[in-house]
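>>> build me a structure from this.
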Amino acid sequence: MPERNCELLLQQIADEEDITFLSEAAAQLGIPIEQLTKETIEKHITDRTRPKTMTGTVQSFRRPYSPSRNRTDEGLKSE
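Below is the predicted model of the structure:
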């Protein structure tokens, strides 16, 4: 899927308190605030769209055991 170059300002998606928190976190990691925001959003999207693993054991289909019945030949009797 091609990337579109959309310029979206951080002030358009976050309030001042969030921007302050992001700038402190980015400073601790030593990366720009825009990169931290992008990585966090990408991680969130990846976590939400990743297929969940199924629980339990995968087994092949097996018909439940049923003992064979003795069939009567009533329908085949000659007159």
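>>> contacts for stretch 16-28 next, please.
10-11, 14, 32-33, 35-37 (Cβ atoms under 8 Å, 6 or more residues apart in numbering). (C-beta placed from N, C-alpha, C; glycine too.)
>>> give me the most central residue, the protein.
residue 50 (2.7 Å; Cα atoms, centre = their mean).
>>> returning to what we had before: give the PyMOL command for selecting the buried subset of the contacts of stretch 16-28.
In PyMOL, this line selects whichever of the contacts of stretch 16-28 come out buried by 16 or more other Cβ atoms under 10 Å:
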select buried, resi 33+36+37
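>>> where does the prediction get shaky in the protein?
For the chain, the stretches flagged by pLDDT under 70 are 1-8, 70-79.
>>> what is whichever strand or helix holds residue 42 packed up against?
Assigned by DSSP states H and E, residue 42 falls within helix 33-49. Contact partners of helix 33-49 among helices and strands, from 3 or more Cβ pairs under 8 Å, 6 or more residues apart in numbering; DSSP states H and E: helix 10-13, helix 16-29.
>>> how about it: buried residues?
Taking 16+ other Cβ under 10 Å as the criterion, helix 33-49 shows 33, 36-37 as buried.
>>> turn those residues into JSON lines, including distance to residue 26.
Listed next are these as JSON lines, based on distance: Cβ to Cβ, whole Å:
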{"residue": "33", "distance to residue 26": "4"}
{"residue": "36", "distance to residue 26": "4"}
{"residue": "37", "distance to residue 26": "8"}
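>>> regarding stretch 42-62, how distant is the last residue from the first?
One end of stretch 42-62 sits 42 Å from the other (Cα to Cα, to the nearest Å).
>>> do stretch 57-69 as well
32 Å.
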